[in-house]
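Trainee: coordinates only, sequence not included:
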């Protein structure tokens, strides 16, 4: 039975994980520096919540830009919902985290952008060895046309 999970190249994963927010910031810094400030607000949630979600998404779906971008947006919406609930119940939060629900639209957009760029960078960095291993994954998960 062929493997139905996508094998993750750890070096490509790390480079894409770190590179995605930086690429988005470099490309969009002219928009009032919003992408640059997004790194400051979103780096910790991206690494602590986004990285495990990206690992799960890569194993399950491969480096699909649409799916991983959507996954990033869904994960951040769930995270922001939890933060809103904590804030409503007056749970003491760090001031930097307390402001995230107020920036929900920006958080969701940047989560989707960072996750989508992550998948593009991951495909670009992925080594030939893992590409050969994942050939079976691509054949198994090919949709009938």
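Mentor: Received the coordinates, thanks. The shown structure was predicted, so the numbers you read here are calculated from the model rather than taken from an experiment.

Trainee: in what helix or strand does the spatially most central residue of the chain lie?
Mentor: Note on the chain: the residue nearest the mean C-alpha position is residue 115, at 3.1 Å, using CA atoms, centre = their mean. Assignment of secondary structure by DSSP states H and E places residue 115 within helix 104-125.

Trainee: what sits up against stretch 5-25?
Mentor: For stretch 5-25, the surrounding residues in contact (CB atoms under 8 Å, 6 or more residues apart in numbering) are 35-36, 38-39, 42-43, 46-47, 51, 54-55, 58-63, 110, 113-115, 117-119, 121-122, 124-127, 129-130, 133-134, 137. Using the backbone N, CA and C atoms, a C-beta is placed for each residue, glycine as well.

Trainee: how far off centre is that stretch?
Mentor: Distance of stretch 5-25 from the chain centroid (CA atoms, centre = their mean, to the nearest Å) equals 9 Å.

Trainee: the longest helix seen in the chain vs helix 104-125, what angle?
Mentor: Counting by DSSP state H, the longest helix found in the chain is helix 65-88. Angle of helix 65-88 versus helix 104-125, following axes from the mean of the first three to the mean of the last three CA atoms, to 10 degrees, is 140 degrees.

Trainee: what is helix 65-88 packed up against?
Mentor: Helix 65-88 sits against helix 51-61, helix 95-98, helix 104-125, with contacts defined as 3 or more CB pairs under 8 Å, 6 or more residues apart in numbering; DSSP states H and E.

Trainee: quick one: average pLDDT of the first one?
Mentor: Helix 51-61 comes out with an average pLDDT of 94.

Trainee: begin at 59, not 1, for the rest of this chat.
Mentor: Yep, numbering from 59; the last one is helix 109-119 now.

Trainee: mind listing what's buried in it?
Mentor: Judged by neighbour count (16 or more other CB atoms under 10 Å), helix 109-119 contains these buried residues: 111-112, 115-116, 119.
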